[in-house]
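*Asks:* predicted model and sequence follow; I will ask about them next.
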Amino acid sequence: MSDAIIEVKDLTAGYEDNVILEGVSFDVQRSEIVVILGGSGCGKSTLLKHMIGLYHPPKGDVLINGKSIVNAEGEELQSILRSIGITYQSGALFGSLTLSENVRLPLEEFTDLPSDAMALIAKMKLSLVGLEAFTRSLPSEVSGGMQKRAAIARAMALDPQVLFLDEPSAGLDPITSAELDQLILRLNESLGITFVIVTHELPSIYTVADRVVMLDKEIKGIAEIGSPEELRDKSQHEWIREFMKREVHPT
Ligand SMILES: Nc1ncnc2c1ncn2[C@@H]1O[C@H](COP(=O)(O)OP(=O)(O)OP(=O)(O)O)[C@@H](O)[C@H]1O
């Protein structure tokens, strides 16, 4: 039975007159992990930015829990935004704040909880990503992988149902990247969090993705949707089968 938490409907996405994607439609099921994939410049990040309401599409809609993030305003928009968490590729932590203070930021912006409650929640979120011993560390005092995990803890501060991750493993070595994959799987399995991830990393995709949305720059849209294995073994497009075999990966 379909239980879509995100519905992208006939979406046109781009920047002013520069249309990058047209007529894009797909659903993300509750607790699913969906990866947005495709060649360089095909519009992966653009699609993600439109799904989180950062840009207003000239046409189409994005529903989150049945509510349009495109048309919502005021309190309704705030409520939708509270149900999603985001980490950007360049979304560095604030360097002058401790990890705990970084995780507190969304709580300070969106809630009026007392300070000690915020500190407790920040500690819990950092503990969820294995950083309970580093609450008072500055970002520069921990590794790149730990910074990524802290960014995920910050994105989870408001208990979102969906996490959008833009290139989460960019700049990480393969072992740290694999650890991040395990964290994503753990959060998905234990808390039922839905993930929409933009990544180029094939090993990660085979590890975490339930389905891949493959974008194609030529057609400015979705070439195919399927599990990584389906796209690798059964795609009707030779370029997709090749794309999915670019590197050695475990199956
Ligand atoms: N803020 C922006 N303003 C104008 N054009 C943009 C903006 N961001 C991206 N673009 C353009 O949109 C197109 C798609 O970019 P996007 O970053 O979405 O692709 P991508 O698939 O994520 O690429 P990559 O894999 O290289 O990160 C590119 O031609 C890019 O130059």
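*Replies:* Structure received.

*Asks:* quick one: low-confidence parts of the stretch 101-250 of the chain?
*Replies:* The stretch 101-250 of the chain contains residues with pLDDT under 70 at 247-250.

*Asks:* near the ligand, which residues of it?
*Replies:* When proximity is defined by CB under 6 Å from any ligand atom, the stretch 101-250 of the chain lies next to the ligand nowhere. Where C-beta positions appear, they are placed from N, C-alpha and C, glycine not excepted.

*Asks:* which stretches of the stretch 101-250 of the chain form strands?
*Replies:* Assigned by DSSP state E, counting those that start in this stretch, the strands in the stretch 101-250 of the chain fall at 162-166, 194-198, 211-216, 221-226.

*Asks:* mean neighbour count added to these, as CSV?
*Replies:* Output for the strands of the stretch 101-250 of the chain, formatted as CSV (neighbours: other CB atoms under 10 Å):
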stretch, mean neighbour count
strand 162-166, 23
strand 194-198, 24
strand 211-216, 22
strand 221-226, 18
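
*Asks:* between these, which one is closest to residue 133.
*Replies:* Checking those against residue 133 by CB to CB gives strand 162-166 as the closest, at 23.2 Å.

*Asks:* elements contacting that closest one?
*Replies:* Counting contacts by 3 or more CB pairs under 8 Å, 6 or more residues apart in numbering; DSSP states H and E, strand 162-166 is packed against helix 44-51, strand 84-87, helix 144-155, strand 194-198.

*Asks:* for the first one, give the mean pLDDT please.
*Replies:* Okay, so that is helix 44-51. Average pLDDT, helix 44-51: 95.

*Asks:* which strands and helices sit next to whichever helix or strand comes after it?
*Replies:* Heading C-terminal from helix 44-51, the first helix or strand you meet, by DSSP states H and E, is strand 59-64. If you count contacts as 3+ CB pairs under 8 Å, 6+ apart, strand 59-64 packs onto strand 4-15, strand 18-29.

*Asks:* please redo it, this time with the cut-off set to 6 Å
*Replies:* Helices and strands touching strand 59-64, as assessed by 3 or more CB pairs under 6 Å, 6 or more residues apart in numbering; DSSP states H and E, comprise strand 4-15.

*Asks:* do the strand it packs on and the ligand come into contact?
*Replies:* Yes - with CB under 6 Å from any ligand atom as the measure, strand 4-15 is seen reaching the ligand through residue 15.

*Asks:* which helix in the chain has the most residues?
*Replies:* In the chain, with assignment by DSSP state H, the single longest helix is helix 174-191.

*Asks:* would you mind pulling up the elements that it packs against?
*Replies:* helix 202-208.

*Asks:* tell me what the helix it packs on is packed against?
*Replies:* Counting by 3+ CB pairs under 6 Å, 6+ apart, helix 202-208 packs on helix 174-191.

*Asks:* please state the offset of the helix it packs on from the chain centre?
*Replies:* 13 Å (CA atoms, centre = their mean, to the nearest Å).

*Asks:* contacts for that helix, please.
*Replies:* Helix 174-191 is contacted from outside by 33, 145, 148, 168-169, 193, 204, 207-208, using CB atoms under 6 Å, 6 or more residues apart in numbering.

*Asks:* just stretch 156-168 next, same as before
*Replies:* Counting by CB under 6 Å, 6+ apart, 45, 48, 52, 82-89, 103, 106-107, 110, 125, 155, 180, 193-199 sit against stretch 156-168.

*Asks:* which one (most neighbours) among the contacts of helix 174-191?
*Replies:* Neighbour tally across the contacts of helix 174-191 (other CB atoms under 10 Å): the maximum, 27 neighbours, falls on residue 168.

*Asks:* residue 47 versus that one, what's the distance?
*Replies:* Residue 168 sits 16 Å away from residue 47 when distances are taken as CB to CB, to the nearest Å.

*Asks:* do the same with residue 204
*Replies:* 18 Å.

*Asks:* which ones are touching residue 240?
*Replies:* 214, 224, 231.
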